[in-house]
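Peer 1: Have a look at this prediction, sequence included:
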Amino acid sequence: MIEITTDEMHTGGEPVRIVTGGLPPIEGRTILDKRRYTRDHLDRYRRLLMHEPRGHRDMYGAIPVTPDHPKADLAVLFIHNEGYSTMCGHAVIALARWAIERGLVKAGTERTAVAIQCPCGLVRTEVAMENGRPGAVSFESVPAFASHLGKLVETRDWGPVTLDIGYGGAFYAVLAAGEIGLDIGTSPVARLTDAGETISRAATALPLRHPDEEDLGFLYGTILTDGTDGAGPDPSCNICVFAGRQVDRSPTGSGVTARIALAFARREIGLGEVRRFRSVTGAIFEGEAVRETRAGPHRAVVVRVAGRAHHSGTARFVVEPDDPLGDGFLLD
């Protein structure tokens, strides 16, 4: 019988199922090797943890693995209903708090630094200590950049649509929902989800390449915005649709990073300027362009993202040998 234990957390309502025991050894020299090994040999465990009856179509998870980066405190693989993410800001926020509480990193008095190796690279976090306990978390992104600006793609439902593609640890197509006659505040989430999935399919026609790693060169999802940039008194609202029709309940940490990178490329934001972003649950992330850098041929920026994670429980999952649905299922 299979038995897997997890710690359950969420960031702005977006789940983070952190595996604490029960998986077979994950082989590989580098974190991308481990990601490929897990995908090719251990995908059964992703399905049984993410899919029903233990999960659902919008479940998200993290598998801690041994880091190969010399400055990393821990390393992690990200999993969801469809596969394996390269970066996940909401999970990084939760994992930084979790690492301190688990004793993987010694807590400081006012702030604690936690370095997390993700498939996209090393992500440095800073955890504010509040009355001796971890509180708000911020992280600095890997170099983020604009891949495509103002590109036209042909969609099934809305004809030609103009969008941007930004990289914030993963590639996202970004456009205002109003461009296709929808509204983040009033349109049903199901309608926005349909739109995100359709646009993602159309945007795959645009070539994507990460300058460092071939495995990172794919479109992860689509972010629909309310058309504002979060500079005023009200946050910019957005919804992120990824992995087919999965909806991020948080403002999306890597998505916020990509949005800041796009604004930086258009010279709509300068270094040190803070923007605020709100998700469909009302959760708020802050984003700030910290410093300019390069990502291969791209003018890039390091982005600081801040948010807060909470615990929702612990779990012990089992798979009985005679369970015909033990490996999980999804209903279309």
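Peer 2: Arrived safely. The structure presented is a predicted model; accordingly, all values stated were derived computationally and were not measured.

Peer 1: Please enumerate the strands of the stretch 101-250 of the chain.
Peer 2: Using DSSP state E, counting those that start in this stretch, the strands of the stretch 101-250 of the chain run over 111-118, 121-130, 133-140, 144-155, 159-167, 171-176, 219-225, 236-242, 246-247.

Peer 1: what's the next secondary structure element after the last one?
Peer 2: Right, the one you point to is strand 246-247. Proceeding N to C from strand 246-247, the next assigned helix or strand is helix 253-265, under DSSP states H and E.

Peer 1: Pull up the pairing partners for the next helix or strand after that next one, direction included.
Peer 2: Following helix 253-265 in sequence order, the next helix or strand is strand 274-278 (DSSP H and E). Paired with strand 274-278 in the same sheet, following DSSP bridges, are strand 236-242 (parallel), strand 284-295 (antiparallel).

Peer 1: highest average neighbour count across the ones you listed?
Peer 2: The highest mean neighbour count among these, using mean count of other Cβ atoms under 10 Å, belongs to strand 236-242: a mean of 25. Using the backbone N, CA and C atoms, a C-beta is placed for each residue, glycine as well.

Peer 1: Average pLDDT for that one, rounded please.
Peer 2: For strand 236-242, mean pLDDT is 98.

Peer 1: likewise stretch 285-294?
Peer 2: Stretch 285-294 shows an average pLDDT of 97 in the prediction.

Peer 1: what does that stretch contact?
Peer 2: For stretch 285-294, contacts defined as Cβ atoms under 8 Å, 6 or more residues apart in numbering pick out 12, 89, 138, 140, 143, 230, 250-253, 256-257, 259-260, 263-264, 269-277, 279, 299-307.

Peer 1: Repeat that for stretch 146-166.
Peer 2: For stretch 146-166, the external contacting residues (Cβ under 8 Å, 6+ apart) are 144-145, 167, 171-175, 179-181, 194-195, 198-199, 201-203, 205-206, 208, 219, 222, 258-259, 261-262, 264-266, 298.

Peer 1: from the middle of its chain, how far away would it be?
Peer 2: Distance, stretch centre to chain centre, for stretch 146-166: 21 Å (Cα atoms, centre = their mean, to the nearest Å).

Peer 1: re earlier: any of the contacts of stretch 146-166 buried? List them.
Peer 2: Among the contacts of stretch 146-166, those buried by neighbour count (16 or more other Cβ atoms under 10 Å) are 144-145, 167, 171-175, 180, 194-195, 198-199, 202-203, 206, 208, 219, 222, 258-259, 261-262, 264-265, 298.
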